[in-house]
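Participant: Build the 3D model from these lines:
(one chain, ligands or ions: 1)
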Amino acid sequence: MARPDPVAVVGAGPVGLCLALALAQQDVAVVLVEAMTDGNFLDQVPRAGSNHPTTLELFDRIGLYEKMEPRGLIAPKFHYWDRQDNALIAEFDHALLKDDTKFPYVLQCERIKIIEEALKLSKAHPLIEVRMATEFTGFERKAEAVAIEAKNAAGEREMFRASYLVSCEGARSIARKELNLEFEGFTYPERTINIEVAYDFRKHGYTERNYISDPVEYSNLFHWKGPPDRWRIHFPTNIDDDENELKRPEALQTRLRQFLGIDHDFEICGCNLYTVHQRVAAKFRVGRVVLAGDAAHVNSPIGGMGLNSGVHDAFNLADKLARILHGEASDTELDRYERQRRHVAVQHTQAQTIRNKRLLEERDPAVRRRNHDELRRQAEDPALARKFLLRTALFDSLREAERIS
Ligand SMILES: Cc1cc2nc3c(=O)[nH]c(=O)nc-3n(C[C@H](O)[C@H](O)[C@H](O)COP(=O)(O)OP(=O)(O)OC[C@H]3O[C@@H](n4cnc5c(N)ncnc54)[C@H](O)[C@@H]3O)c2cc1C
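Facilitator: Just a heads-up that it's a prediction; the model follows:
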């Protein structure tokens with residue numbers, strides 16, 4: 001039997017690369033289109049990097065985990081802190097999930113390292129044709145296929161046929177816009193500043209991942225493997241703060257000094273400002289065009305759910321597309337993909353990340369006290385703590401999606 005047309009995957013971010021590898025592993029040919037070049041692919045601003053156990057299991061399926069582990073930090077624990085009292089509220093330990101997963105920890109491994117390793121694996125796979133420096137510009141829907149339009153490295157327009165088009169283009173997905181799909185939700189008015197600093201915060205009691213509540217200036221603090229080891233600390237900023245002023249080296253030093261309450265000169269490795277959106281596409285598939293990852297849903301990074309849930313989309317979709325293309329399932333399986341993963345995006349990822357932000361920025365002292373007491377209660381009881389971790393590590397969302405027919 002002739003091979004079906006390849007699946008066109010647009011975007012070599014973590015979601016597109018995982019999708020390509022998971023499809024190829026199931027004997028499906030893929031054309032992977034990426035606008036960035038080999039020369040600038042690794043020049044991207046720092047983003048995700050806390051990889052939950054559920055995602056590590058999926059990375060393991062495509063041989064990616066073993067490449068990532070040596071480049072990352074194993075982080076079994078995470079903390080909630082109260083900045084007002086400079087006190088640890090609660091510590092959660094993934095060791096409680098030892099009977100649930102082969103990976104009872106989060107792997108702190110930045111997005112840039114994940115895509116570097118996954119791109120190497122994709123280029124080495126005979127069923128994946130990687131087209132770097134190729135910008136997807138649009139598509140035409142045909143009865144039995146999709147015609148993909150792109151601009152290649154030489155600036156020439158080219159077209160090719162694909163059985164399906166999966167947009168893993170990130171939040172600005174052209175496919176989503178061409179389909180006129182609403183990106184429903186909202187954008188927070190303030191921006192977040194991320195400061196990268198070579199300083200060991202463990203001296204102050206912090207662990208590899210920390211969520212720090214404060215009615216004035218909440219924060220998140222994460223440890224990344226170097227050399228040199230770096231910590232990323234995020235602070236909210238006001239909507240009308242001037243970007244240059246925020247990024248001025250002395251202003252960054254002052255923020256860090258105030259945060260730790262010490263007089264110290266920090267080695268700052270970088271900083272960037274980002275805007276946070278909470279949005280989900282109205283549909284995840286229209287005929288032979290499917291959305292996955294940030295193209296389908298975006299959310300606040302508090303809780304590390306964007307990349308993780310996007311990778312979960314990729315594997316869910318790969319299994320369904322492979323069965324469809326091998327003639328073992330009907331195309332309506334893609335409607336189930338939409339039902340499952342849109343449910344997760346709305347009911348889990350959006351709901352949880354909105355709650356996470358509220359928890360950290362809560363201003364009402366009585367509500368703060370109640371929230372912190374509740375976190376303490378859950379952390380201190382192993383059964384409740386395991387339940388808490390099954391939710392934060394995204395086991396609950398996967399199990400619930402599996403029950404959706
Ligand atoms: C500061 C910050 C911290 C974060 N921390 C976490 C975290 O700890 N954990 C977590 O789970 N998530 C986190 N996230 C979210 C996470 O970064 C994203 O959810 C994730 O990168 C989405 O992956 P993706 O592959 O869908 O899209 P992207 O990573 O955006 O990749 C899209 C790719 O498509 C390419 N592309 C775009 N348009 C075209 C086109 N027209 N033609 C060809 N190629 C194209 C781009 O060049 C890019 O390579 C964070 C986000 C931010 C901003």
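Participant: residues from the stretch 51-200 of the chain in reach of the ligand?
Facilitator: Contacts of the stretch 51-200 of the chain with the ligand, taken as C-beta under 6 Å from any ligand atom, map to 111, 135-136, 168-170, 174, 194. To be clear about C-beta, it is placed using only N, CA and C from the backbone, and glycine gets the same treatment.
Participant: try 8 Å this time
Facilitator: When proximity is defined by C-beta under 8 Å from any ligand atom, the stretch 51-200 of the chain lies next to the ligand at 51-52, 55, 111, 115, 134-137, 150, 168-174, 192, 194.
Participant: contacting residues for V276?
Facilitator: By C-beta atoms under 8 Å, 6 or more residues apart in numbering, the contact list for V276 reads 187-188, 191-192, 299-301.
Participant: Let me know whether the particular helix or strand that has it in it sits next to the ligand.
Facilitator: Counting by DSSP states H and E, the element that carries V276 is strand 268-281. Yes - figure legend: strand 268-281 in contact with the ligand (C-beta under 8 Å from any ligand atom); contacting residues 272, 274, 276.
Participant: quick one: contacts for the second one?
Facilitator: When the contact criterion is C-beta under 8 Å, 6+ apart, the partners of Y274 are 45, 191-192, 194.
Participant: quick revisit: so which bits of the strand holding V276 are buried?
Facilitator: Under the neighbour-count criterion of 16 or more other C-beta atoms under 10 Å, strand 268-281 has 268-269, 271, 276-281 buried.
Participant: Nearest to E34 among those?
Facilitator: Of all those, the one sitting nearest E34 is A281; the distance, using C-beta to C-beta, is 21.2 Å.
Participant: Run through the bridge partners of that closest one.
Facilitator: Taking DSSP bridges, one obtains F183 as the residues bridged to A281.
Participant: That one reaches V289, doesn't it?
Facilitator: No - in this structure, A281 sits apart from V289 without contact. The criterion is C-beta atoms under 8 Å, and the distance is 11.4 Å.
Participant: give me the low-pLDDT residue ranges for the protein?
Facilitator: Screening the chain residue by residue with the criterion pLDDT under 70, one finds the ranges 1.
Participant: mind running it again at 50?
Facilitator: Residue ranges of the chain with pLDDT under 50: none are present.
Participant: ok, L73 to A198 distance?
Facilitator: Look at L73 and A198: by C-beta to C-beta, to the nearest Å, they are 14 Å apart.
Participant: should've said E338
Facilitator: In this structure, E338 and A198 are 44 Å apart, going by C-beta to C-beta.
Participant: And F41, by the same measure?
Facilitator: Counting by C-beta to C-beta, the gap between F41 and A198 amounts to 25 Å.
Participant: quick one: which of those two has more around it?
Facilitator: Regarding F41 and A198, a neighbour count based on other C-beta atoms under 10 Å identifies F41 as having more, with 17 against 14.
Participant: I'd assumed L119 was in contact with the more buried one.
Facilitator: Yes - using C-beta under 8 Å, F41 is in contact with L119, at 7.0 Å.
Participant: Can you tell me which of the contacts of V276 is nearest the ligand?
Facilitator: P301 (3.4 Å; C-beta to the nearest ligand atom).
Participant: Enumerate every residue touching the closest one.
Facilitator: With C-beta under 8 Å, 6+ apart as the criterion, the residues that contact P301 are 47-48, 220, 234, 276, 353.
Participant: returning to what we had before: now, of the contacts of Y274, which are buried?
Facilitator: Restricting these to buried positions leaves 191-192, 194, with burial counted as 16+ other C-beta under 10 Å.
Participant: Among those, which one sits closest to R255?
Facilitator: Nearest to R255, judged by C-beta to C-beta, of the buried ones among the contacts of Y274 is N194 at 11.5 Å.
Participant: How is the closest one classified with respect to secondary structure?
Facilitator: Under DSSP: H, G, I helix; E, B strand; the rest coil, the three-state class of N194 is strand.
Participant: Burial check on K98, number of neighbours?
Facilitator: When neighbours are counted by other C-beta under 10 Å, K98 comes out with 13.
Participant: What is the neighbour count of the nearest residue to L56 once chain neighbours are set aside?
Facilitator: When the adjacent residues along the chain are set aside, L56 lies closest to F103, with 4.1 Å between them (C-beta to C-beta, 6 or more residues apart in numbering). Here the neighbour count serves as a burial measure; for F103 (other C-beta under 10 Å) it reads 23.
Participant: was I right about F103 contacting P53?
Facilitator: Yes - at 4.3 Å, F103 and P53 qualify as touching, with contact defined as C-beta under 8 Å.
Participant: Contacts only, for the closest residue to Q278 other than its chain neighbours.
Facilitator: Leaving aside its sequence neighbours, Q278 sits nearest to G185 (C-beta to C-beta, 6+ apart; 4.6 Å). Under the criterion of C-beta under 8 Å, 6+ apart, the contact list for G185 reads 277-280, 298, 350.
Participant: any idea what sits nearest G304, other than its immediate chain neighbours?
Facilitator: Once flanking residues are discounted, G304 sits nearest to S50: 3.4 Å by C-beta to C-beta, 6+ apart.
Participant: Name whatever forms a beta bridge with the one you found.
Facilitator: Residues found in beta-bridge contact with S50 (criterion: DSSP bridges) are Q108.
Participant: I'd say it and F222 touch.
Facilitator: Yes - using C-beta under 8 Å, S50 makes contact with F222 at a distance of 6.7 Å.
Participant: any common contacting residues for those two?
Facilitator: Both S50 and F222 are in contact with 108, 209, where contact means C-beta under 8 Å, 6+ apart.
Participant: Among the two, which residue is more densely surrounded?
Facilitator: F222 (27 against 24).
Participant: before we move on, which element is that one in?
Facilitator: Take DSSP H and E as the rule and F222 turns out to sit in strand 219-224.
Participant: quick one: strands adjacent to that strand?
Facilitator: Taking DSSP bridges as the criterion, strand 219-224 sits next to strand 209-213 (antiparallel), strand 230-236 (antiparallel) in its sheet.
Participant: For the ones you listed, could you give me TSV that also reports distance to R391?
Facilitator: Formatted as TSV, the entries for the strands paired with strand 219-224 read as follows, by distance: least, C-beta to C-beta, whole Å:
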stretch	distance to R391
strand 209-213	15
strand 230-236	22
